[in-house]
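A.B. asks: just need the structure, nothing else, for what follows:
(2 chains)
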Amino acid sequence: RMRRGGARRAAMAALLEHESQIFLDLFHSDGLVVCARGLGIDRLLLRFLRLYCEPASLVLVLNTSPAEEEYFIDQLRSEGVVHLPRRVTNEITNNIRYEFYTQGGVVFATSRILVVDFLTDRIPADLITGILVYKAHRLIESCQEAFILRLYRQKNKQGFIKAFTDNAVAFNTGFCHVERVMRNLFVKKLYLWPRFHITVNSFLEKHKPEVVEIHVSMTPRMLAIQTSILDILNACLRELKRYNPALEVEDLSLENAIGKPFDKTIRHYLDPLWHQLGAKTKSLVQDLKVLRTLLEYLTQYDCVTFLNLLESLKASEKAFGENSGWLFLDSSTSMFVNARARVYRTADDSLNEKRKVSENNDGKKENELKRELVLESNPKWEALREVLKEIENANKNSEDLGGPGQVLICASDDRACAQLKEYITVGAEAFLMRLYNKTFGKDEKAAEVWNKDRKAAKAKGSARPNTGPQAKKAKLKASSKENKNKKQQDRTLTQMIGKTEEENGEKELEVEEHQELSNSQESDTEETVPEDFRINLPSDSYYGIFKTPLTIIHPLQGCSDPYALTRVLQEVEPRYVVLYDAELSFVRQLEIYRASRPGKPLRQVEVYFLIYGGSTEEQRYLTSLRKEKEAFEKLIREKAGMVIPEEREGRDETNLDLVRDATPASFSTDTRKAGGQEQKSVQQTIVVDMREFRSELPSLLHRRGIDIEPVTLEVGDYILTPDICVERKSISDLIGSLNNGRLYTQCISMSRYYKRPILLIEFDPNKSFSLIPRGSLHPEISSNDVTSKLTLLTLHFPKLRILWCPSPHATAELFEELKQNHPQPNAETAMAVTADSEALPESDKYNPGPQDFLLKMPGVNTKNCRILMNHVKSIAELVTLSKDKLSEILGNSVSATQLFDFIHMTYSKAMSQGKNKR
Amino acid sequence: PVVPLLSPSCPLIVPLLSPIVTRQRGNPVLRFVRNVPWAFGDIVPDYVLGQSTCALFLSLRYHNLHPGYIHERLRSLGRSFALQLLLLQVDVKDPHQALKELAKICILADCTLILAWSAEEAGRYLETYKAYEQKPPDLLMEKMERDFLSRMTDCLTSVKSVNKTDTSSLLATFG
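C.D. replies: Below is the predicted model:
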């Protein structure tokens, strides 16, 4: 099997027409490749990896996740590559790091490790063949990779830099992103490969899979709910604009609001002023998120799940009193009515409908309990059943295609997949019934009524269209038995572990009967009722349904392995793919999958595309298509207008980005200086905590000619001199750490171990340079305000200095100036500073350990703590004191009682108290 | 935006008890000191905010016109208070260069730099320093659980080598 699998893979791995063109372009000249989502950026990277999997080269790969690395390694292994890529982790100790690198080949490394290794010369920078940057769009936000590449280019002028991304949309949100990313990557070339690229388009056109688009219509109630949600969304958006007139209107359209990236869009606009926003705006943003979830649930899941979400929203609204407002809109009422009507009809309603009987209160109450269950099925479920039937029929006459084809059903996430599996195996009614009992289980009567109805219907020979699973399953079973009589399936399936079809079927029957008998009880089974059979598929997130022909459901998103679906696609080689939910990148992947098997005309791929016509789901899909297209169009325009300096790649000494000098780059025209001949008398050094490398500051400091010593610091973020310790806080960090007590603790340790503790408040240069919004000051002093807390902090730490920096650039400049004429810090000393080390002699005449201990006890506060310590020699002495003595010392009998009781509480008493509380 | 009326050459105080008249009348910041009593007085800093806290007020616009002023003030102030604030009102468009210089000066002169972006905000800082003079730092500290077990755990884990599991076994053993 291995051999055959290998051959197949080798065939698959052959690059497609456009892929080899991308590969050759990038191979010959460094650059950034932006290709359409799902068009196979992973295949491209894989090709490069294979090229460099040899000891003679050393190639670093940035920005891959462990799961991705595993996928790439697996692929390479199956292609017979000997010298497989390796990973640098913390387990490879510092002293053997250098050797590790010199062994060559492809090395996956996290940015944090690489930064440190470059700074400390643990990596042979001059021996590096090149760096491959995956997910290059991340360089828009992250500074670490840019720092690594700069360190690399400073020491290595020959090696290559090649960058890959399939996220064109990321470049579309801001100004000149692509230009900046390219500058940080030190590349001159930008290769754009949208789906509408003529080469891609004409090639894929030749190998189109057969696509059957099925537009399913939503039920009238679903439509009504969708209309309500859209109404409310619109109302929220209007409110948002009203409160924030500065927001750009175009991006806050309803069309954008239903899309998944809307969260990002809105954050993009609101983040710069987030700490200044009013509570109303924040809750509106939250509401928008909730509403989008509701929209997703509506089309994604069943009526019970949807109603449950809705009811729980209402309940939490009541419980927490968070008034989001929209729950009181008319549309919201209509949404609730319709959502409930999808699940049940109260007897009350039906009575009123039939005959207008006036009832007394008692009768009403009773009737409210008697819910008549409706349990509306999902239209897509029915459509899916039709599709499966069609496939089944096709598979019956499939001799000329080489036997029945495998079926792959894709739904958005794990929950949707589990639901589909249960639907297919037990049928809509049983499934919904189980869900209903699980969520609204208390209502037994309704369940009984429903059950009776259902049995009656069955007895009648089922006049309903929805006959339940029995008939269908029989059919399926029959057909699969037929199939079995035909020749055995694909070789990989002969190794399946699990029960035979019949057993499986019987199991299902049992399960269903069990359900019927016990459905008034709370179901104790998990989401997936029938037992799963496991196949040796390279993914753990799939749901198997039938074994012959293999039919499995796989989620599109949310797998731990991002390539799980890709692996499954390669392994299963389905002839039929049912897209229960549409996702752009998988649709593209299917195109590539189809195109990469041109030699197998019999192995046609049929794609069924289920979508609710006129729904937000459809809209979302179309919007994502349009967004990507627009992003590419913008990139094409930007590329056309780009002026790229000759020295961009930094292969000689003329790229000013590589200059390490304190004078601003624009001033230093004397290029001879750049070589580093100009030596300062003392090399400036700053000790930096490793966690700080996510920010831009270390890179900027390094650029100013200051050496960075990366270590793990327990106290402080930056040590400028032996005396100066800096804790850096962005505005959001500042607010957060003032609230959760962290900053207070940090200030305590900083002042204990350093003469000059400094709090650096760093503003984002893209956000407004002010702490509180204009005109938002309350008339009274409020202890919740950040200004009040800052005041209190400085009152308690009079030695703490505060630096207010409008940008990391300003901080770097200031740091350099603060260091002037001061000795350099020592990394080892700084690292050794932990809560255990000796405090500064003059900082405190009290021993900090017991002080912390005392402060944690009830009745002790910062004021009486000193007094207590003056009177009591040790904690041992403290516990011997009487209550009276304590109140004499503390000068307060309430505190004294609290403290005394706390000290003299026995463990068993505390335990029993605790139990009573619970 | 508030235009600073007078040159901040006449200091003004918010004293503990006795209001004494002095120089800095008419500073718009004063209009926003409403929640604590204050009065003019004859003092070296611009504001005395408590026994050990004082403040100098500076408007960046003024500083740009008279860069020597703040040096003079700091020199005369000396180190007479434990907490000496430089309350700086950011009222110019491009404050960065001046800010950097003042930040350095503050470190050299043992001053704590506080920025305010309006007279109102500056006034609020003055009020708050006065009002919080005696306030314990509890507001800034981690919220403590009320029940015995979690407090005891907190207590014991403040000793460096003790973790939460240790705590429960300690308690169970020595309760």
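A.B. asks: mind listing what residue 117 touches?
C.D. replies: I went with chain A, as the question did not name one. Residue A:117 sits next to A:88, A:97, A:101, A:109, A:123 when contact means C-beta atoms under 8 Å, 6 or more residues apart in numbering or on different chains. Every residue, glycine included, has its C-beta placed from N, CA and C.
A.B. asks: my bad, the chain I had in mind was chain B
C.D. replies: The neighbours of residue B:117, taking C-beta under 8 Å, 6+ apart as the test, are A:770-772, A:774, B:89-91.
A.B. asks: apply 6 Å and report the result again.
C.D. replies: The contact partners of residue B:117, taken as C-beta atoms under 6 Å, 6 or more residues apart in numbering or on different chains, are A:770, B:90.
A.B. asks: now residue A:685
C.D. replies: A:707, A:709, A:824.
A.B. asks: if I look at the spatially most central residue of chain A, what pLDDT would I see?
C.D. replies: Centroid-nearest residue in chain A, with C-alpha atoms, centre = their mean: residue A:558, separated by 8.9 Å. On pLDDT, residue A:558 comes in at 72.
A.B. asks: tally of neighbours for the residue in the stretch 701-850 of chain A that chain B sits nearest to?
C.D. replies: Closest to chain B within the stretch 701-850 of chain A is residue A:741: 3.2 Å, counting by C-beta to the nearest C-beta. Close neighbours of residue A:741, defined as other C-beta atoms under 10 Å in any protein chain shown, add up to 17.
A.B. asks: for it, give me its contacts.
C.D. replies: Going by C-beta under 6 Å, 6+ apart, residue A:741 touches B:141-142.
A.B. asks: tell me the confidence at it?
C.D. replies: Looking at residue A:741, its pLDDT is 87.
A.B. asks: how close does it get to residue A:339?
C.D. replies: Computed as C-beta to C-beta, to the nearest Å, the residue A:741 to residue A:339 distance reads 42 Å.
A.B. asks: for the closest residue to residue A:211 other than its chain neighbours, give me phi and psi.
C.D. replies: Sequence neighbours aside, residue A:607 is the residue nearest to residue A:211 in space, at 4.7 Å (criterion: C-beta to C-beta, 6 or more residues apart in numbering or on different chains). For residue A:607, the backbone dihedrals (degrees, to the nearest 10) come out as phi -110, psi 120.
A.B. asks: show me how chain A divides into domains.
C.D. replies: Chain A resolves into domains spanning A:17-206, A:220-348, A:379-454+A:540-613, A:684-769+A:785-835, A:848-916 when parsed by the TED database.
A.B. asks: so which of those gets nearest residue B:127?
C.D. replies: Proximity to residue B:127, assessed across the domains of chain A by C-beta to C-beta, is greatest for domain A:684-769+A:785-835 (9.3 Å).
A.B. asks: sorry, back to before: show me what contacts the residue nearest to residue A:211?
C.D. replies: Contacts here follow C-beta under 6 Å, 6+ apart; on that basis residue A:607 touches A:209, A:211, A:577, A:590.
A.B. asks: out of those, which are buried?
C.D. replies: Buried residues within those, counting neighbours by 16 or more other C-beta atoms under 10 Å in any protein chain shown: A:209, A:577, A:590.
A.B. asks: for the nearest residue to residue A:41 once chain neighbours are set aside, give its distance to residue A:614.
C.D. replies: Leaving aside its sequence neighbours, residue A:41 sits nearest to residue A:166 (C-beta to C-beta, 6+ apart; 4.2 Å). Applying C-beta to C-beta, the value for residue A:166 to residue A:614 is 30 Å.
A.B. asks: okay, the two: which has more neighbours?
C.D. replies: residue A:166 (25 against 13).
A.B. asks: distance of that one relative to residue A:22?
C.D. replies: In terms of C-beta to C-beta, residue A:166 sits 12 Å off from residue A:22.
A.B. asks: got a markdown table for the buried ones among the contacts of residue A:607, with pLDDT, secondary structure and distance to chain B too?
C.D. replies: Formatted as a markdown table, the buried ones among the contacts of residue A:607 follow (pLDDT from 0 to 100; DSSP: H, G, I helix; E, B strand; the rest coil; distance: C-beta to the nearest C-beta, whole Å):
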| residue | pLDDT | secondary structure | distance to chain B |
| --- | --- | --- | --- |
| A:209 | 79 | coil | 57 |
| A:577 | 87 | strand | 51 |
| A:590 | 85 | helix | 51 |
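A.B. asks: ok, back up a step: show me the contacts for the residue nearest to the centre of chain A.
C.D. replies: Contacts for residue A:558 were tallied using C-beta under 6 Å, 6+ apart; they are A:413-414.
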